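**Q** structure here, sequence nowhere to be found:
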């Protein structure tokens with residue numbers, strides 16, 4: 001069984017469904033990626049998808065469609081996408097086993113590519 005690139009919590013699924021329902025233009029899902037930014041080096045990107053981009057990895061979970069930029073796939077393997085709200089803020093969060101650090105304000109992260117050899121060995125022993 002292959003490792004999923006990402007999985008979604010119920011809160012993330014609910015929020016993505018709300019985004020789709022509230023959009024003034026047709027939205028079929030969201031697109032996740034990474035970019036060079038911030039003091040830690042990288043940040044996650046999230047955009048609405050009106051039409052899937054050819055070459056993106058596609059995840060469908062609980063009826064929700066998430067597309068992953070190809071350059072981000074190796075950095076996101078095993079990630080859990082969540083949506084969290086508190087008194088001061090709300091937003092999508094990523095629990096990523098490939099994250100090695102983050103900046104103090106939480107706006108950027110340090111990511112390493114997934115160790116495919118270690119993943120394969122762990123799956124062989126599972």
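**A** Sure, I can see it. All values reported here derive from a predicted model rather than from experimental measurement. Numbers count the residues shown, from 1 in each chain.
**Q** please compute how far stretch 25-32 lies from its chain's middle.
**A** Here stretch 25-32 is found 14 Å from its chain centre; the criterion is C-alpha atoms, centre = their mean, to the nearest Å.
**Q** what's next to that stretch, contact-wise?
**A** By C-beta atoms under 8 Å, 6 or more residues apart in numbering, the surrounding residues in contact with stretch 25-32 are 6, 16, 19-20, 44-53, 56, 64-69, 72, 76, 81. C-betas here are computed from N, CA, C, even on glycine.
**Q** now swap in stretch 65-72 and tell me
**A** 5-6, 8, 16, 28-34, 45, 49, 52-53, 55-60, 76, 81.
**Q** find the least confident helix or strand in the protein, judged by mean pLDDT.
**A** helix 116-124 (a mean of 54; mean pLDDT, DSSP states H and E).
**Q** show me the contacts of stretch 25-32 that map onto helices.
**A** Among the contacts of stretch 25-32, DSSP state H puts 16, 19-20, 76 in helices.
**Q** tell me the contacts of residue 11?
**A** 82-84.
**Q** tell me the phi and psi of it?
**A** phi -60, psi -40 (degrees, to the nearest 10).
**Q** re earlier: nearest to residue 90 among the ones in helices among the contacts of stretch 25-32?
**A** The shortest gap between residue 90 and any of these belongs to residue 19, at 12.4 Å (C-beta to C-beta).
**Q** hang on, that closest one packs against residue 46?
**A** No - between residue 19 and residue 46 there is no contact, the gap being 9.7 Å when judged by C-beta atoms under 8 Å.
**Q** so among the contacts of stretch 25-32, which ones count as buried?
**A** Among the contacts of stretch 25-32, those classed as buried by 16 or more other C-beta atoms under 10 Å are 6, 16, 20, 44, 49, 56, 64-69, 72, 76, 81.
**Q** and the least confident of these?
**A** When the buried ones among the contacts of stretch 25-32 are compared by pLDDT, residue 44 scores lowest at 83.
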